[in-house]
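*Asks:* need a structure here:
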Amino acid sequence: MLVKKKDNLLIALILLVTFVVFLPSLNNSFTNWDDNLYVTENLDIRDMSVTSLKKICSKFYVGNYQPVTIFSYVIDFAIGELNSKVYHWSNLIYHLLNTVLVFILIRLISKSVIAAFLTSILFGIHPLHVESVAWISGRKDLLFTGFYIGSLIFYLKYLDEGNSKKPYFLSLVLFLFSLLAKGTAVTLPVILILVDLFKGKKFEKKLLTDKIPFFALSILFGLIAINSQESLGKAVEVNATLTGLDSFFIGCYGFMMYFVKLIVPYKLACFYPYPIKVDGSLPTIFYLSALISLGILGLALYLAKRYKAVLFGVGFFLVNIFLLLQFFPIGGAVMADRYSYLSFIGLFFIVGHFGDQLFNNENYKTLGLILFSLILLGFSFITFQRCKIWNNSEVLWSDVIEKYPEASGAYNNRAQYFFNEKNDFNRAFVDFQKCVELDPSNYKALTSIGLIYYSSKNYKEAINFYSRAISVNNSYADAYCNRAIVYSILNNFDKAEVDYNKAIELNPSDPQNFLNRANIYTDQRQFEKALRDYNRAIFIKRDYSKAYYNRAYMYLLNNKPQEAITDLNTSIQIDPNFGLAYYYRSMAYFELLQYELASNDALKAKSMGILLEDNYLYMIKEAIENVQFEN
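*Replies:* Sure, this is the predicted structure:
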């Protein structure tokens, strides 16, 4: 048995406490931090067919290969479509399961129920774990960690049962699932060696033999992870002003701060921005962090020689955190709470080990009980409150701005929320301006300001800001595309075509660029060129309703109403709420003298809020009456 009967009461207590402190997360909605890419705008999760599952297994999502994680969203969508509560319930359930798995793992490793209890309850309620649980896009960390711990549990069973094949095979299979949830799981083979050493085995060649399949999978998925990150192109960016030495100190700072926030979880945020250099130097604390980190490692080494639990715990933490430190800069954050989700198990285990010794000493048992009770109460309160920060994008990014007012990206993300979800252009404009003030090179914010001017029909300023964005980053396809749209509105088709050509060159997999270029060809009656681009857009995205609609419009202009009807049928099949498609199909039927069908579609379009041309319904009615009269 993996769980002893006498442990059940403790597990129930851990689950109850963890569930209560994370209750506020169930009331949260989606945020604009990757939730759109993983869920709300991800059409792949809306179909549970074999074809869809094959597609999920063959694609990268947000720069990661994670079919197991994406499939979990498929299940959620099948249950509640885009009801955010379903996704938050799933996250909480996965976290509760992981908490139980941590208890089982530490129980097997240490044989101590107290160590298992303390480790797992700290894992369950620690404030740094809120990000992984309360953030719908944090699902990948929950899933890969669950399979990762499960693999370790069965590996321990494999060792305890005298190298039995069944638990070994199960360990390998669970490791594969962990990798399919998130590539970060590649560290597991090293942890297996750490487990062997903790169990008293000597480091020799034979120790590595049964790890070969694990290392093979790690290498394979490591290569996949590198390829998936490359698929992001320029999406992964770092501060160009930072030197290699700066990255070293930033890595040390992140390492130090994980220990600080382990003990005192203050100024927590979903995003910790890079420091601003003054006169070419980082803030003093970053240089001091190298010495502090050295001191932490020195203390850990000293204790590791005396206590195997410290050796295992620190080793577990270091193996799982090292590649995530900013010694190798990725993105614009010095650290992330989610990186602690798995790695902190090692540090919690050290706390659990010494807590076990404290509780088994009659002289310090009462002190230990009071101390840990206060810690757990404090952490529970912080976690409960922190869950509310993830309620929506405005609250989330306002929290970052309050704590790190120099975080330009937070202003940009809050502005995107105001612009896209609230249609509050004024507040969006203020935040975009603040973002550009803090970071004049933020070409995405410059482009968004251009969009606001475009929305208010101030085309001159829109072009100005799109051009500024391009001057900062001449490889940003969206800026070219948006500028081309403005040029086409101004009937400057030559400039529009040049910009669309550049956008397509930079991002040939975006069907919208082909659709937009096709539209300007249609406006100029260059139907062959337009048809070629419409076909390309549809080839890239088979369910692109607007592409079928626009191609149908071109067919109507080219006196091909039957071809138009075929495309409009497809457009409506994909999007039954596309009112304009009914209107144009009505016109196509009218051209074919099918007046009853034309009338039905016109009335349908009108009922959906589409403004019909003056006297159009009267023309149809008159045509129907003429046919009836002739008959």
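*Asks:* Show me where the stretch 201-350 of the chain has its helices.
*Replies:* Taking DSSP state H, counting those that start in this stretch, the helices of the stretch 201-350 of the chain run over residues 205-209, 212-230, 244-263, 284-306, 308-321, 340-359.
*Asks:* any chance of those helices in TSV, plus distance to residue 403 and mean pLDDT?
*Replies:* In this view, the C-beta of every residue, glycine as well, is placed from N, C-alpha and C. Formatted as TSV, the helices of the stretch 201-350 of the chain follow (distance: least, C-beta to C-beta, whole Å; pLDDT from 0 to 100):
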stretch	distance to residue 403	mean pLDDT
helix 205-209	45	83
helix 212-230	28	89
helix 244-263	13	94
helix 284-306	16	95
helix 308-321	22	95
helix 340-359	18	95
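*Asks:* what's the closest of these to residue 596?
*Replies:* Residue 596 sits nearest to helix 212-230 of all those, at 53.2 Å, using C-beta to C-beta.
*Asks:* got CSV for the helices of the stretch 201-350 of the chain, with mean neighbour count and distance to residue 454 too?
*Replies:* As requested, the helices of the stretch 201-350 of the chain are exported to CSV (neighbours: other C-beta atoms under 10 Å; distance: least, C-beta to C-beta, whole Å):
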stretch, mean neighbour count, distance to residue 454
helix 205-209, 10, 60
helix 212-230, 15, 32
helix 244-263, 18, 38
helix 284-306, 14, 41
helix 308-321, 22, 44
helix 340-359, 23, 41
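*Asks:* got the buried residues for stretch 532-543?
*Replies:* By neighbour count on 16 or more other C-beta atoms under 10 Å, the buried set for stretch 532-543 is 533, 534, 536, 537, 538, 540, 541.
*Asks:* Quick one: mean pLDDT over the lengthiest helix in the chain.
*Replies:* If you go by DSSP state H, the chain has its longest helix at helix 84-110. Averaged across helix 84-110, the pLDDT comes to 97.
*Asks:* Quick check: which helices or strands does the host helix or strand of residue 599 pack against?
*Replies:* For residue 599, the element it lies in under DSSP states H and E is helix 595-607. Helix 595-607 is packed against helix 579-591, helix 616-630, with contacts defined by 3 or more C-beta pairs under 8 Å, 6 or more residues apart in numbering; DSSP states H and E.
*Asks:* Between these, which one is closest to residue 168.
*Replies:* Closest among the helices and strands packed on helix 595-607, using C-beta to C-beta: helix 579-591, at 57.4 Å.
*Asks:* what residues does the closest one touch?
*Replies:* For helix 579-591, contacts defined as C-beta atoms under 8 Å, 6 or more residues apart in numbering pick out 545, 549, 552-553, 556, 559, 561-562, 564-565, 568-569, 571-572, 575, 595, 597-602, 604-605, 608-610, 612, 619-620, 623.
*Asks:* Which segments of the chain make up each domain?
*Replies:* Per automatic domain parsing, the structural domains of the chain span 440-542, 559-631.
*Asks:* First-to-last residue distance for the first one?
*Replies:* Okay, so that is domain 440-542. From its first residue to its last, domain 440-542 covers 39 Å (C-alpha to C-alpha, to the nearest Å).
*Asks:* if we can go back for a sec, redo the helices of the stretch 201-350 of the chain as CSV? Include distance to residue 44.
*Replies:* As requested, the helices of the stretch 201-350 of the chain are exported to CSV (distance: least, C-beta to C-beta, whole Å):
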stretch, distance to residue 44
helix 205-209, 39
helix 212-230, 16
helix 244-263, 34
helix 284-306, 41
helix 308-321, 29
helix 340-359, 25
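*Asks:* of those, which approaches residue 28 most closely?
*Replies:* Per C-beta to C-beta, nearest to residue 28 of the helices of the stretch 201-350 of the chain: helix 340-359, 17.9 Å.
*Asks:* which one is residue 155 nearest to, not counting chain neighbours?
*Replies:* Excluding its sequence neighbours, the residue lying closest to residue 155 (C-beta to C-beta, 6 or more residues apart in numbering) is residue 171, at 4.3 Å.
*Asks:* now residue 85
*Replies:* residue 26 (6.1 Å).
*Asks:* Confirm that the one you found sits in a helix.
*Replies:* Yes. Remark: residue 26 belongs to a helix, assigned using DSSP: H, G, I helix; E, B strand; the rest coil.
*Asks:* ok, now how distant is it from residue 134?
*Replies:* 9 Å (C-beta to C-beta, to the nearest Å).
*Asks:* List the residues that contact residue 146.
*Replies:* Applying C-beta under 8 Å, 6+ apart, the residues contacting residue 146 are 94, 97, 98, 101, 178.
*Asks:* which non-adjacent residue is nearest the third one?
*Replies:* Think residue 98. Nearest non-adjacent residue to residue 98, counting by C-beta to C-beta, 6+ apart: residue 146, 4.9 Å away.
*Asks:* buried stuff in the helix or strand harbouring the one you found?
*Replies:* Following DSSP H and E, one finds residue 146 within helix 139-160. The neighbour-count check on helix 139-160 (16+ other C-beta under 10 Å) flags 139-159 as buried.
*Asks:* and if you look at stretch 413-428?
*Replies:* Of the residues in stretch 413-428, 413, 414, 415, 416, 417, 418, 419, 425, 428 count as buried by neighbour count, 16+ other C-beta under 10 Å.
*Asks:* just these now: which is nearest residue 437?
*Replies:* residue 415 (12.4 Å).
*Asks:* The closest one - nearest residue in space that isn't next to it in sequence?
*Replies:* Per C-beta to C-beta, 6+ apart, closest to residue 415 is residue 431, 3.5 Å.
*Asks:* pLDDT below threshold where in the chain?
*Replies:* Along the chain, the model assigns pLDDT under 70 to residues 1-4, 230-241, 331, 631.
*Asks:* What values do phi and psi take at residue 62?
*Replies:* phi 50, psi 40 (degrees, to the nearest 10).
*Asks:* so what's it up against?
*Replies:* Residue 62 touches 34, 37, 38, 137, counting by C-beta under 8 Å, 6+ apart.
*Asks:* Burial-wise, tell me which of the helices and strands packed on helix 595-607 comes out on top.
*Replies:* Of the helices and strands packed on helix 595-607, the one with the most neighbours on average (mean count of other C-beta atoms under 10 Å) is helix 579-591, at a mean of 23.
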